[in-house]
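**Student:** give me the fold of what follows.
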Amino acid sequence: MSGREHQYGTTVTWTGNQGTGTSGYKAYSRDLEITAPGKPPIPGSSDPAFRGDPTRYNPEDMLVASLSACHMLWYLHLCAVNGVSVTAYTDDAGGTMAEESHGGGRFTDVVLRPQVTLAPGSDSTKAMGLHHEAHEKCFIANSVNFPVRVEARITVG
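**Tutor:** Residues are numbered from 1 along each chain as shown. As a prediction, this is how the structure comes out:
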């Protein structure tokens with residue numbers, strides 16, 4: 001590996017002690033809070049399938065969101081430096097996690113579905129091709145061991 005290294009740090013704090021800690025499987029909440037210096041906290045929990053709070057982000061949500069956000073940020077950068085003017089970008093990303101009989105599991109794939117709007121007169125062919133380059137450069141996609149597919153839609157105007 002060559003080039004610069006960047007360091008990241010977060011603090012994850014369990015906030016789900018309901019008085020008796022983990023004295024029993026149903027005795028505690030899975031709630032947590034993710035913090036980093038100078039940033040707002042993120043309320044977290046486990047997936048509702050694992051007794052989590054459905055109103056809070058779970059690690060699986062955040063993994064899919066990380067892949068989506070990384071792709072988007074690379075894509076916007078590449079469009080800017082290649083003369084493609086993006087005026088709107090939304091991604092309805094989704095991931096599949098397979099639970100194993102022994103209790104573990106893993107993601108089997110994530111699909112990114114960016115819906116990109118370009119300014120009138122923009123080159124939609126070039127814009128579509130930049131999704132491939134963004135995917136190749138995405139730090140998070142390069143760090144996972146499952147396929148990440150991109151199913152982009154481009155609209156001009």
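
**Student:** what about the strands in the chain?
**Tutor:** When secondary structure is read from DSSP state E, the chain shows strands at 11-14, 32-35, 42-44, 86-91, 94-99, 105-112, 114-118, 148-150, 153-156.

**Student:** tell me the buried residues in the third one?
**Tutor:** Translated: strand 42-44. Residues of strand 42-44 classed as buried by neighbour count (16 or more other CB atoms under 10 Å): residue 44. C-beta here means a position set from N, CA and C on the backbone, and glycine is covered the same way.

**Student:** shaky segments in the chain?
**Tutor:** The chain contains residues with pLDDT under 70 at 1.

**Student:** just how off-centre is stretch 24-40 within its chain?
**Tutor:** Computed by CA atoms, centre = their mean, to the nearest Å, the chain-centroid distance of stretch 24-40 equals 19 Å.

**Student:** mind listing residues that contact that stretch?
**Tutor:** For stretch 24-40, the external contacting residues (CB atoms under 8 Å, 6 or more residues apart in numbering) are 9-18, 20-22, 41-46, 50-53, 56.
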